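>>> based on what follows, work out the 3D shape:
(chains A, B and C)
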Amino acid sequence: MENWSYIIWILIIPFLSFLFAALPGTKLKSSVSGLVGIASILSVAILSYITAYSYFFVSGKTDGVFQKIIAFNYVWVRFSEILQIDIGGLLDPISVMMLVVISTISLMVHIYSWSYMHGETGFARYYAFLSLFTFSMLGLVLATNIFQMYIFWELVGVSSFLLIGFYYEKPSAIAASKKAFIVTRFADFGFLLGILLLAYYTNTFDFITLTDTNGALITSPVAATFMGASVLTWAMGLIFIGGAGKSAMFPLHIWLPDAMEGPTPVSALIHAATMVVAGVYLVARMFPVYLMVAPDALEIVAYTGGFTALFAAVIACTQHDIKRILAFSTMSQIGYMMLALGVSGYGGEKGLGYMASMFHLFTHAMFKALLFLGAGSVIHAVHSNLIGDMGNLKKYMPITHITFLIACLAIAGIPPFAGFFSKDEILVAAFEHDKLLFSIAFFVAGLTAFYMFRLYFRVFWGKKQAYHHAPHESPLIMILPLILLAAASCLTGFIPFGKFVSSDGKELLVHTHWNIALPAIGFALTGIFTAMAFYRKETNASKDITNALGAVYKWAYKKFYLDEVYLFVTKNIIFNGISKSIAWFDKNIIDASMDGMALVTNYFSDKIKGAQSGSVQQYTWWYMVGSIGIAVFVLYFLMIR
Amino acid sequence: MIQGVPLQHILLLTTLLFFIGVYGFFTRKNLFTMLMSVELMLNAVAINFVVFNAYLFPENLQGHFFTIFIVSIAAAEAAVAIAIIVNVYRNIRTVNAERINEMKH
Amino acid sequence: MSVTLFYITAVAILLFAILSVTTRRILRAAVYLLFVLIGTAAIYFLLRYNFLAALQLTLYAGGIIVLIIFSIMLTSQMNNQLEKPNDLQVVLASITSVVGVGLVLFVILNHSTFITQYSEKIYHVKEVALSLISYQKNGYALPFEVISVLLLAAMVAAIIMAKRELKNKEQ
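Numbers count the residues shown, from 1 in each chain, chains lettered A, B, ... in the order given. Take a look at the predicted model:
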C-alpha cells in the first residue's frame, strides 16, 4: 500500500501561492508573484502526474478493480457521532483524471498568461485569483464528501466571479460577473437543498458510503415520496440543478456567454476546461446513486444534456463574437457529456456512457482550452473579439492557425484527433439507450463541425482585411502551450481510456464502432465542407441563407431571446410586481408604524421632560409623595378587609 | 428604668423626629444641612429598632444589630457624601443643591 | 423619676431637631444635631442598651458630627447665613410632613392597645459581640461581613474622590 499523504500538498501549494500573491498587494513586484504562481502550479502538475502514475499503473488496483482511496482525512466539524464534516482527499479514477486535467490546463494557462497578461495593472491579482481557482477546483475534485465538495464548489464560484470581473473598470465585466455569480448561486441553492435532503435521509455526507453499490442507500433506498416522486429522486434532481447551474445547462446557461468578459486565458481555464465540467463531475461522482436510486433524475440529466447540446449548437452557428461561439460550443459539448452520463448504465459494457462522458471531458478539456488559447492569441493580434474584424490570418499567424485547425478537427470529431474517439463512444452509448437522444447527438455532431469551421474559415481564411498594423504571431511563451495542447489533442484519443476509467472500476475494453462512426464522420465532413463553401472565400451564399432563414436566424442570433425572458421575469414580475409591493409595504406599513411609535414617544418625552429638573429635592419630594400614596393605598385595602 | 412608658409614645417621638428630618430635607438648600436632616431620619429609625426589640422581642438581638448596622452605614454614607460634597465644592464653588442641576433634561 | 427624665429627653430631642432644621446658621445646626444625637443616646441608656448608647456617642456624636463640622470649615461656609427657604417649598414640605405624621400615627393608634411593659434584660457586650460573629442560629456573621465590605467600599470611594482632585492639581 502506498503512502498517499503527499496528496495534501496538491491543495496546500496553490493556496500558499494564492496567499503569497494576494497578501502583499502591490508591494511585491508583479513578475515575482507570476513566477511563484507558475512554479507552484508546475509543482502541482508534477505531483498530479506522479499521483496519476502511481494510482493507475502501480497501486490503485486491487483484484482488477480500481479502489477508492482516502489519501488523507481530517474531521473539520463534528456535530454528533453520525453528523460530521470532513475535509479530505479521495482518490479514484475520475478524481485522479480530473487532477491531471486541471493541473495540465492550469499550467498551460499560467504559462500562457505570463505573456498574454503582460503589463496589465492587476497582474499579481490575476495570478492570485488563478491560484485560488486552482486550489478550489482541486479541492472540489478531491472532496471525500458532498459537503466538502459544496464548500469548494462555492469557492470555485467565487474565484470565477473574481476572474470574470477582473477588468472591474468595465461595466459589462461587472455585470457579467454579477450575473454569473447570481445565476450559479441560484442553482447552488438547489444543490444545498439536495445535499440536506440526501443527508437527512442517509445520515452521511460521505461519497464512498453513498455510492457503495452494496451500501444501505442503494440496496434499500428510502421509501418516502413527495409529490409522486421519491424523496431521493427529488434530492438527486436538486443536486443536478446545482450541477446544471455550474455547467451552464439549459435553462441556467445564460451566464456563460457573458462570462467571456473575463480575460481569455481565464475563459480557457474556467469556462471551458475545468469549472464548467464540475457539474458533469458531480453527476459522475454520484452516478451509482442516480442510476440505481433515482433513474428519473438521470433521465432528466440525459434530456437536459441533449437539449442543451442542440440548443447551444444552433446559437453558436449565428454568433459573431469568437469567444461567444466558443462559449456556446462549450455548452454544447458539456451537454454531450451530460447526455452520455444520462444514457449510461452500470458495469461492463453498459457503463460505456459513463466512461465516454469522462473521456469526452478529458479530451474536450484539451482541445477547448486550445481553442480558447488560440482565440486569445488571435484577439491579442487583432485587438478585437468579432470575427468580422478578422480574416486571412493564416498568413500572419501560422502556428496559431495550425493548432487552431487541429482543435477544430478534434472537436468536429475527425479521426485521428481526440474528439473523434470520445464522441464516437458517446454516440454508441446514446444509440443503445435512446434513439431520440442519439439522433440529437448525431445532428449536433454535424452542426458542431459546421459552426467550428465557420469560425475557422472566417478567422483564418476569408477576405483580406485591411489591418491597421499587420498582425503578428504571438510570442513563444504563448505559442508553447498551444503546441503542447495541440499535441495533446492529437494524441489523447489513443489513450485506452476504458482501462482506467469506468463506471465500476473494472477494466472496460472499447473499440471503435465503425457502423456508427462512419456516418458520423461523413456528417461532420458535410458540415465542414458546407462551412468551407460558405466562408472560405467571401461569397454571398451565407448572406442568402441568412436572409432565407430570416426570423429563425434572428431568433437564434438573439439566443432565442432567453436573456430577454429572464430580464422580463426578473424586472417586470419580480422587481416591479413583487419587490415593489413588498417595498411599499415595508416603507409605508412596517417602517411607518415604527416611525409613528418613535414620533409618539418623542412627543410625550418632549412634554414630560420638564420633570427632569435636575433638582434633588424635587425628586425626593416626588418620591415621598409616591411612598405616602402607596402607603395610603395599601392601608385602604387593609382596612376594607 | 422607664417601665410604664407606653411603646406608642416612643413611636410618636420617632415619627415626629423622622418627619422633622423630612421637612428639613425639603426646605434646606445647603448640602450639609440636607445631610444633617438625613441623619435625623436615620436616628429616628434606629430608635424605632431599639424600642421594638426591647418591647416586643426581648429574647432576640435583631433590633440591636440593625441599629449597629445603621450606625455603621450612616458613618459610611456620611464619609462618602462629604467626600462628594467637598469635591462638588471644589469644582463649582457651591454647595447649594439648587445650583447643582447640570443633570437635567 | 426615669419616666419623667424620658419625657424631658423626648421633648428636648424634638426641640433641638426642629431648631436644627430651621436655624439659619450652619454651625448651630450642626450643634443642635449633636444634641439630638446625644438625646438619642440618653434614650438608649434609659432602655438599658448601654453598648448601643456608647456606640451612638462615640460614632455619631463623636465621629460624624466632627466630620461634618470639619468639612463645613473646609468649604468655608461657617459664617454664611443660610438662605431662607421659599414659601412654596415650606408649604409643600410642611404638608408632606404633616400628612406623613398623620398617616403613621393613624397606623400606630389603630393597631393595638398600649404596650407599657418591656424586658429589662441587660445585654452585655460579650453576648452582643459573640452573637455578632456567630454563624449559628441568631448569629449575624453574614450581615457583619456584608457591612464590613460596604465600609471598605465606602472608604475606597471616599479616598478616590478626595484624591482625584489632587492629581488634577498636580497636572
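>>> for residue 101, helix, strand, or coil?
All of this refers to chain A. Assigned with DSSP: H, G, I helix; E, B strand; the rest coil, residue A:101 falls in the helix class.
>>> which ones are touching it?
By Cβ atoms under 8 Å, 6 or more residues apart in numbering or on different chains, residue A:101 lies in contact with A:273-274, A:361-362, A:365. Every residue, glycine included, has its C-beta placed from N, CA and C.
>>> tell me the two of the residues you listed that are most distant?
Largest separation among the contacts of residue A:101 by Cβ to Cβ: A:274 and A:362, giving 11.5 Å.
>>> okay, these two: which has more neighbours?
Remark: of residue A:274 and residue A:362, residue A:274 carries more neighbours, 29 against 26, as counted by other Cβ atoms under 10 Å in any protein chain shown.
>>> okay, now the domains of chain C?
Following automatic domain parsing, one finds the domains of chain C at C:1-84, C:124-171.
>>> for these, give me a markdown table that also has mean neighbour count, distance to residue B:89 and mean pLDDT.
Formatted as a markdown table, the domains of chain C follow (neighbours: other Cβ atoms under 10 Å in any protein chain shown; distance: least, Cβ to Cβ, whole Å; pLDDT from 0 to 100):
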| stretch | mean neighbour count | distance to residue B:89 | mean pLDDT |
| --- | --- | --- | --- |
| domain C:1-84 | 18 | 5 | 88 |
| domain C:124-171 | 12 | 10 | 79 |
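>>> for chain C, which helix is longest?
For chain C, the helix with the greatest residue count under DSSP state H is helix C:141-170.
>>> how distant is it from the center of its chain?
21 Å (Cα atoms, centre = their mean, to the nearest Å).
>>> what's the closest non-adjacent residue to residue B:17?
residue B:44 (4.0 Å; Cβ to Cβ, 6 or more residues apart in numbering or on different chains).
>>> do the same with residue A:149
Setting aside the residues directly before and after it, residue A:149 is nearest to residue A:143 in space (Cβ to Cβ, 6+ apart), at 3.8 Å.
>>> ok, now which ones touch that neighbour?
A:88, A:90, A:149, A:152, A:207.
>>> helices - which of these land there?
Short answer: those in helices (DSSP H) are A:149, A:152, A:207.
>>> any stretches of chain B with poor pLDDT?
By pLDDT under 70, the low-scoring segments of chain B are B:105.
>>> oh, I was asking about the stretch 151-300 of chain A
A:216, A:220-223.
>>> now the strands for it?
Along the stretch 151-300 of chain A, counting by DSSP state E, counting those that start in this stretch, strands occupy A:225-226, A:229-230.
>>> any chance of the contacts of residue A:143 in TSV, plus neighbour count?
Below are those laid out as TSV (neighbours: other Cβ atoms under 10 Å in any protein chain shown):
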residue	neighbour count
A:88	20
A:90	26
A:149	26
A:152	22
A:207	23
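>>> picking that back up, export the contacts of residue A:101 as TSV, with columns for distance to residue A:619.
Putting the contacts of residue A:101 into TSV (distance: Cβ to Cβ, whole Å) gives the following:
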residue	distance to residue A:619
A:273	78
A:274	74
A:361	81
A:362	85
A:365	81
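>>> follow-up on the earlier one: for residue B:91, see how far away the residue nearest to residue A:149 is.
69 Å (Cβ to Cβ, to the nearest Å).
>>> pull the contacting residues for the most centrally placed residue in chain A.
The centre of chain A sits closest to residue A:276, judged by Cα atoms, centre = their mean, with a distance of 2.6 Å. The neighbours of residue A:276, taking Cβ under 8 Å, 6+ apart as the test, are A:246-248, A:256, A:270, A:330, A:334.
>>> switch the cut-off to 6 Å
A:247-248, A:334 (Cβ atoms under 6 Å, 6 or more residues apart in numbering or on different chains).
>>> between the contacts of residue A:143, which sits nearest chain C?
residue A:88 (57.6 Å; Cβ to the nearest Cβ).
>>> show me what the closest one is bridged to.
residue A:73 (DSSP bridges).
>>> residues contacting it?
Applying Cβ under 6 Å, 6+ apart, the residues near residue A:88 are A:70, A:72-73, A:144.
>>> which pair of those spans the longest distance?
A:72 and A:144 (9.0 Å).
>>> neighbour count: those two, which is higher?
Between residue A:72 and residue A:144, residue A:144 has the larger neighbour count (other Cβ under 10 Å), namely 24 against 17.
>>> give me the distance from the top helix by length along chain B to the chain's centre.
When chain B is parsed with DSSP H, its longest helix is helix B:62-92. Relative to the mean C-alpha coordinate of its chain, helix B:62-92 is positioned 10 Å out (Cα atoms, centre = their mean).
>>> packing partners for it?
helix B:31-55, helix C:65-74, helix C:141-170 (3 or more Cβ pairs under 6 Å, 6 or more residues apart in numbering or on different chains; DSSP states H and E).
>>> quick revisit: for the domains of chain C, give me a markdown table that also has distance to residue A:441.
Below are the domains of chain C laid out as a markdown table (distance: least, Cβ to Cβ, whole Å):
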| stretch | distance to residue A:441 |
| --- | --- |
| domain C:1-84 | 102 |
| domain C:124-171 | 87 |
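>>> do you know which of those domains lies nearest residue A:110?
Nearest of those (Cβ to Cβ): domain C:124-171, 63.6 Å.
>>> that closest one and chain B, are they touching?
Yes: interface with chain B: domain C:124-171 contributes C:131, C:140, C:147, C:151, C:154, C:157-158, C:161-162, C:165 (Cβ under 6 Å from any Cβ of the partner chain).
>>> got JSON lines for those residues, with distance to residue B:68 too?
As requested, those are arranged in JSON lines below (distance: Cβ to Cβ, whole Å):
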{"residue": "C:131", "distance to residue B:68": "11"}
{"residue": "C:140", "distance to residue B:68": "9"}
{"residue": "C:147", "distance to residue B:68": "8"}
{"residue": "C:151", "distance to residue B:68": "12"}
{"residue": "C:154", "distance to residue B:68": "16"}
{"residue": "C:157", "distance to residue B:68": "21"}
{"residue": "C:158", "distance to residue B:68": "21"}
{"residue": "C:161", "distance to residue B:68": "26"}
{"residue": "C:162", "distance to residue B:68": "27"}
{"residue": "C:165", "distance to residue B:68": "33"}
